[in-house]
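Q: build me a model:
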Amino acid sequence: MADQILRAVAADGGIRMVAVETTISTRYACRRHGLSYLTTTLLGRAMAGGLLLASSMKTPRGRVSLRVQCQGPLRGLTVDAGRNGGVRGYVAVPNLELALAPGGQFDLTRAVGRGHLQVTRDEGLGDALQSTVELVSGGIGDDLAAYLFHSEQTPSAVFVGERITRKGIRCSGGVLVQVLPKAANEPALVDLLERECGAVEGFSQQLEAHQGNMAALLQSLFGALNPQPLAAPQPVRFHCQCTAARCRAALQLLGVQELEEMMAQDGGAEMTCHFCAEVYRFCGADLQQVIHGLTAGAIKPQ
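A: Below is the predicted model of the structure:
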């Protein structure tokens, strides 16, 4: 069943909820990047978190970028998510694997270590908005909740999780719950949100039990708040915007001298997209065409 994202309101419109499933997208990212179990977990959580934040963008082309810069052996990760349901991402050390923490859980805190979470929101209408907060735990969910509290002053809870076995990822996704701005000053509603979120147990198990039905997931987690979907679920998929044409445009920026050196030394060029690991190869004749365009003035570097 396809990945999906569902938006809803609860508590008579005072609370906003979003639930997203990223199982297939995470499996695809795992194959493309050759991820370990540990990095599959981290990237899956980050992609779910990016989509949760992007769900509130006001324009269809609005996008959210998450960048974790850290001192741990992971070294960092980046996710780009769109209001349209497209998501992509990568980790700096895709094959990283560590001994399990006590209790048999992935040691996400050790993998990430100290660092920062940088969130960039771009509505596609002008300058993007960027905020940076210190990492709380490295588990992604707490870090995103800290960002929402410190940067947007919005009481929020973020749940991200997965079920993974030796055969691979069984489910991945997340839920965002927050008091809407118009009700943020209502102590009773904030207390209600904290109480209901504090009662959530076994999020990953609940996610697996309700795969393909995010409305049922919200009902199972927050039935007392009476969640009401705002529309039908929106499809979600791993989608990268890289193309051969964009890579060719990047080659133009190198200039004639560097392109000629590449032809002489390597006989061509090879470019790999960080986000999806797609490899684009350009032979000597391809580079010669780019050079000809530059020297003829038909293509001017930006």
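Q: let me see the ranges of the helices in the stretch 201-302 of the chain.
A: Taking DSSP state H, counting those that start in this stretch as the criterion, the stretch 201-302 of the chain contains helices spanning 203-209, 214-222, 244-252, 256-266, 284-296.
Q: and those, which is most packed in?
A: helix 214-222 (a mean of 21; mean count of other CB atoms under 10 Å). Where C-beta positions appear, they are placed from N, C-alpha and C, glycine not excepted.
Q: just how off-centre is that one within its chain?
A: 22 Å (CA atoms, centre = their mean, to the nearest Å).
Q: what helices and strands are in contact with that helix?
A: Counting contacts by 3 or more CB pairs under 8 Å, 6 or more residues apart in numbering; DSSP states H and E, helix 214-222 is packed against strand 3-10, strand 15-21, strand 168-179, helix 203-209.
Q: any idea which of the ones you listed is most buried?
A: Ranked by mean neighbours (mean count of other CB under 10 Å), the helices and strands packed on helix 214-222 are led by strand 15-21, with a mean of 27.
Q: now the following helix or strand past it: average pLDDT?
A: Sequence order places helix 23-33 as the next helix or strand after strand 15-21, per DSSP states H and E. What helix 23-33 shows for mean pLDDT is 97.
Q: buried residues, the helix or strand just after helix 23-33. List them.
A: For helix 23-33, the succeeding helix or strand toward the C-terminus, using DSSP H and E, is helix 37-54. For helix 37-54, a neighbour-count test (16 or more other CB atoms under 10 Å) marks 37-54 as buried.
Q: ok, stretch 96-107 next?
A: Those would be Leu96, Leu98, Phe106, for stretch 96-107 by 16+ other CB under 10 Å.
Q: list the contacts of stretch 258-268.
A: Defining contact as CB atoms under 8 Å, 6 or more residues apart in numbering, one finds that stretch 258-268 is touched by 251, 254, 269, 281-284, 286-288, 290-291, 294.
Q: what is the nearest of those to Glu186?
A: Leu251 (55.9 Å; CB to CB).
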